[in-house]
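**Q** structure, please.
(chains A and B)
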Amino acid sequence: MPLTIATWNINSVRLRAPMVVEFLDRFKPDVLCLQEIKCMNEQFPAQVFLDAGYAHHAVNGQKAYHGVATISRLPLSNISSKQFCKKLDARHISAQVEFDGKSINVHNFYVPAGGDVADPAINEKFEHKLGFLDEMHNWFTHKSFAAGQVIVGDFNIAPHENDVWSHKQLLKVVSHTPIETEKLDTILASGNWVDLVRKHIPVENKLYSWWSYRAKNWDISDKGRRLDHIWATPDIATNSTDAQILRDARGWGEKPSDHVPVIAQLF
DNA sequence: ATGGCGGATCTTATCCGA
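**A** This next block holds a predicted model:
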């Protein structure tokens, strides 16, 4: 029996809870990790997801901004969230999923966007983003996460040339600058993580998970970036049979999220 | 044309995202 995990920056879970339920009904992931829920824990639409068959929730929310939540059909245990950069913002939650006699740890991240100017000396938000990545690196290095681990979420970084619509034009744009992509590569390499989407969809193919709201026609202009990721430790990655990005979801409903779901089959 | 849009909240204005 396979285990399916999905990640989706939902850009307000209260506004789009019905769309999430449609997604769950149609794609039936076992675990769904949401980012930018934009609500406090007590405002999380728990009943809606419970009614949809997702009874197990790990929520780390805050007022108005950011916030992450992991919902699951399978029991979640050892739920915890970590603070980064000595800030009180809600950007991480982890939970253990029990499955078929095994257990995997799922880390759900919302990495800071980083503002406009790609210079930490003059842009505090970019400094925060770089600091956040450094802390991620240190934490995963020290925790000896050798097996049974998955990191997912909105990393706000498009690492490869074909993860953006124009490598050349985005080299100086926050989300694709060398300092960011190199830090992400360092985290990936030092933890022996496998980028599950790129395991299944070769790096030669252009691939995006986010399209700006500001484009007149996101589909035709197609100026996307692959900001949302699913990484796994080698033991899980070896057995992963499929991963996909639901491009069509960018056009779902009258008010879609600007991110689409990313799904991977584990085991 | 990478921000022209679209969230939440401090709501008819402002802050934030990427």
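**Q** parallel or antiparallel, which strands does the strand or helix carrying A:Leu32 pair with?
**A** Counting by DSSP states H and E, the element that carries A:Leu32 is strand A:31-35. According to DSSP bridges, strand A:31-35 forms sheet pairs with strand A:3-9 (parallel), strand A:68-72 (antiparallel).
**Q** out of those, the one nearest DNA strand B is which?
**A** strand A:3-9 (5.9 Å; C-beta to the nearest atom of the strand). Every C-beta, even on glycine, is put in place using the N, C-alpha and C of the backbone.
**Q** quick check: residues of chain A near DNA strand B?
**A** A:9, A:11-12, A:14-15, A:36, A:38-39, A:63-65, A:112-116, A:125, A:154, A:156, A:165, A:173-175, A:210, A:212-215, A:221, A:223, A:225, A:227, A:255, A:258 (C-beta under 7 Å from any atom of the strand).
**Q** quick one on the thing from earlier: how about the strand holding A:Leu32: buried residues?
**A** Under the neighbour-count criterion of 16 or more other C-beta atoms under 10 Å, strand A:31-35 has A:Val31, A:Leu32, A:Cys33, A:Leu34, A:Gln35 buried.
**Q** looking at the residues you listed, spot the one nearest A:Tyr54.
**A** Nearest to A:Tyr54 out of the buried residues of strand A:31-35 is A:Leu32 (C-beta to C-beta; 7.1 Å).
**Q** give me every residue that touches the closest one.
**A** Going by C-beta atoms under 8 Å, 6 or more residues apart in numbering, A:Leu32 touches A:Ile5, A:Ala6, A:Thr7, A:Trp8, A:Val20, A:Phe23, A:Leu24, A:Tyr54, A:Thr70, A:Ile71, A:Ser72, A:Pro261.
**Q** hmm, back to that, ok now the next helix or strand after the strand holding A:Leu32, how far from the chain's centre?
**A** Next helix or strand after strand A:31-35 toward the C-terminus (DSSP H and E): helix A:46-51. Chain-centre distance of helix A:46-51: 22 Å, with C-alpha atoms, centre = their mean, to the nearest Å.
**Q** check the buried residues of strand A:31-35 and tell me the two furthest apart.
**A** It's A:Val31 and A:Gln35 that sit farthest apart of the buried residues of strand A:31-35, by C-beta to C-beta, at 13.9 Å.
**Q** ranges for the helices of the stretch 51-200 of chain A?
**A** Per DSSP state H, counting those that start in this stretch, the stretch 51-200 of chain A carries helices over the ranges A:124-142, A:167-170, A:178-190, A:196-200.
**Q** can you lay out those helices as CSV showing mean pLDDT and distance to A:Ala95?
**A** Output for the helices of the stretch 51-200 of chain A, formatted as CSV (pLDDT from 0 to 100; distance: least, C-beta to C-beta, whole Å):
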stretch, mean pLDDT, distance to A:Ala95
helix A:124-142, 94, 16
helix A:167-170, 96, 34
helix A:178-190, 96, 20
helix A:196-200, 98, 18
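**Q** pull the contacting residues for the residue nearest the centre of chain A.
**A** By C-alpha atoms, centre = their mean, chain A has its centre lying nearest to A:Gly153, at 1.3 Å. Shown in contact with A:Gly153 (C-beta under 8 Å, 6+ apart): A:Thr7, A:Asn9, A:Cys33, A:Gln35, A:Val68, A:His107, A:Asn108, A:Phe109, A:Tyr110, A:Val111, A:Asp228, A:His229.
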